[in-house]
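Undergrad: curious how this folds, go ahead:
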Amino acid sequence: MKRVPAVLLAALLVLSLSGCKVMKRISDGAYENAVADGSATLLGDRGVRLKARPMCRMPDTRSDALLRVHCTARTTAGVPVVVTGTATDADTEHPQEVYIVTVGGREALRTHCLGPGCRPS
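TA: Residues are numbered from 1 along each chain as shown. As a prediction, the model looks like this:
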């Protein structure tokens, strides 16, 4: 009889851990989408038209306090666009973010946030 509670506890632990991984993937995906959409909007506001929405990925930093994102796209003229972003103190209420967007290897934008309400620095 003592085995049943232990097995149930182990099963709950496994389910909760796998749930954390699912939530992290959802969170990562939402961040990638926000960076892709925000950078495309800011570039569009500056007259830079993209062939397609930027494709983003987040390299594993092995830290909840540090996030990195890397996105690539091409302009309608075929010029490469690269977005790199870093967020430090990401596990706090006040993360420090910086995003650098290059078009054809030249810096086109450097900002501390992306998306509605942001004012590029």
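Undergrad: contacts, neighbours, all on C-alpha from now
TA: OK.
Undergrad: following the least confident helix or strand in the chain by mean pLDDT, which helix or strand shows up next?
TA: Ranked by mean pLDDT, DSSP states H and E, the helix or strand of the chain with the weakest confidence is helix 3-45, at a mean of 66. Beyond helix 3-45 on the C-terminal side, the first helix or strand identified by DSSP states H and E is strand 55-57.
Undergrad: what lies in contact with that next one?
TA: Counting contacts by CA atoms under 8 Å, 6 or more residues apart in numbering, the residues outside strand 55-57 that touch it are 32-33, 35-36, 69-73.
Undergrad: now it: how far from the chain's centre is it?
TA: 8 Å (CA atoms, centre = their mean, to the nearest Å).
Undergrad: parallel or antiparallel, list what pairs with that strand.
TA: The sheet places strand 55-57 alongside strand 66-74 (antiparallel), with pairing taken from DSSP bridges.
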